[in-house]
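J.: coordinates only, sequence not included:
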Ligand code: MF3
Ligand code: CO
Ligand code: CO
């Protein structure tokens, strides 16, 4: 059914279509006619949804801030999980990983050659030289925020420190590409370029994702991309960027026993950082970091 000029806009603003998203829809249709992949309306969040995702993102950031000082030599990843779980409940949130498709813990903890989805374990104690990714996702008042950070434990080799640094630069460079009427492929393009220039590789099988109303939504965000391809970016899209940068080869394998832990095939270390963001009228805003 086609919206009339004076009907309420589909975006949930409460404004008339003709003074809200009517010109926008025209513009996007133009891109589609040129052969571009364009987001449909359900990939674009309403102002009310964006506010909710912003609050969930802020809570998620606070949770990562809270656990940060505990991420030191001698603590187990099981204990980090408990601390994060308790604090999430204290703030009125729900840890999204818990029971998500059978995941048994409240956070992902991925050390060294573990690329992502590492399962917290009381018997895995952080030791000097480890690099660890802590990936938290929080549901707050029905909305989702998702972010991850890396930590270097004790004395970490210069080689691994560099990997962690470059992975962070990859995320920042990818984020800097996000603007309305840019393309999703621009993000992965700069990420893969930067990693390659440092002799690293980017994991292909796992990407970022739409997030906010659900844990994993469309679009899927490749971290190796081609400029000017993939979805057109428009204001109101919320998604993650979360490049996994490998020191060795790009290939990964999932643990057959636990069904979750993703490792590099060659056993070399991997690093990852993640933001949740929203595309704005002028660029992008980080909603969780
Ligand atoms: N937080 C992860 C992501 O960035 C997903 C973890 S799924 C889980 O998409 F079940 F392992 F928690
Ligand atoms: Co995450
Ligand atoms: Co994510």
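T.: Everything's here; your move. Remember, predicted model here, so these are calculated numbers, not experimental data. Numbers count the residues shown, from 1 in each chain. Ligands and ions are numbered 1, 2, ... in the order given.

J.: stretch 117-128 and ligand 3, are they touching?
T.: No - applying Cβ under 5 Å from the ion, one finds stretch 117-128 separated from ligand 3 by no less than 10.5 Å. Placement of C-beta: from N, CA and C, glycine included.

J.: now check that stretch, is it near ligand 1?
T.: Yes - counting by Cβ under 6 Å from any ligand atom, ligand 1 is contacted by stretch 117-128 at residue 117.

J.: which positions in that stretch come out as buried?
T.: Using 16 or more other Cβ atoms under 10 Å as the test for burial, stretch 117-128 gives 117-120, 124, 126.

J.: which residues sit in contact with whichever residue of the stretch 1-150 of the chain sits closest to ligand 1?
T.: Relative to ligand 1, the nearest point of the stretch 1-150 of the chain is residue 97 (2.9 Å; Cβ to the nearest ligand atom). Applying Cβ atoms under 8 Å, 6 or more residues apart in numbering to residue 97 gives the contacts 103, 105-108, 137.

J.: go with 10 Å
T.: Counting by Cβ atoms under 10 Å, 6 or more residues apart in numbering, residue 97 makes contact with 81, 84-85, 103-108, 117, 119-120, 135-138, 146, 215, 260.

J.: same check on residue 205?
T.: Neighbour list for residue 205: 115, 244, 250-252, 254, 262 [criterion: Cβ under 10 Å, 6+ apart].

J.: now residue 176
T.: Neighbouring residues of residue 176 by Cβ under 10 Å, 6+ apart: 186-187, 190, 283-284.

J.: where do the helices sit along the stretch 1-150 of the chain?
T.: Using DSSP state H, counting those that start in this stretch, the helices of the stretch 1-150 of the chain run over 22-33, 47-67, 77-90.

J.: the first one packs against which elements?
T.: So that's helix 22-33. Packing contacts for helix 22-33, counted by 3 or more Cβ pairs under 10 Å, 6 or more residues apart in numbering; DSSP states H and E, involve no helix or strand.

J.: list the contacts of it.
T.: Helix 22-33 is touched from outside by 3-5, 7, 9-11, 16-17, 21, 36-41, 44, 180-181, 183, 232, 234-236, with contacts defined as Cβ under 10 Å, 6+ apart.

J.: circling back: redo the helices of the stretch 1-150 of the chain as TSV? Include mean pLDDT.
T.: As requested, those are arranged in TSV below (pLDDT from 0 to 100):
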stretch	mean pLDDT
helix 22-33	98
helix 47-67	98
helix 77-90	99
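
J.: please identify the helix or strand for residue 180.
T.: According to DSSP states H and E, residue 180 maps onto no helix or strand at all.

J.: quick check: residues of this structure near ligand 3?
T.: 146, 240.

J.: measure the residue of the chain most remote from its centre to residue 256 for me?
T.: Most distant residue from the mean C-alpha position of the chain: residue 6, 37.6 Å away (Cα atoms, centre = their mean). Counting by Cβ to Cβ, to the nearest Å, the separation of residue 6 from residue 256 is 59 Å.

J.: over to residue 108?
T.: Distance of residue 108 to residue 256, computed by Cβ to Cβ: 18 Å.

J.: looking at the two, which is more packed in?
T.: Higher neighbour count among residue 108 and residue 256: residue 108, with 25 against 7, using other Cβ atoms under 10 Å.

J.: so how far is residue 225 from that one?
T.: From residue 108 to residue 225 the distance is 24 Å (Cβ to Cβ).

J.: could you do residue 54 as well?
T.: Distance of residue 54 to residue 225, given as Cβ to Cβ: 26 Å.

J.: one more: residue 61?
T.: According to Cβ to Cβ, residue 61 and residue 225 sit 26 Å apart.

J.: which stretches in the stretch 51-200 of the chain count as strands?
T.: Along the stretch 51-200 of the chain, the segments classed as strands by DSSP state E, counting those that start in this stretch run 94-95, 108-111, 114-116, 131-140, 143-152.

J.: and for the first one, what's in contact with it?
T.: Contacts of strand 94-95 with the rest of the structure, by Cβ under 10 Å, 6+ apart, involve 56, 60, 63, 81, 84-85, 87-89, 103, 105-107, 136-142, 144.
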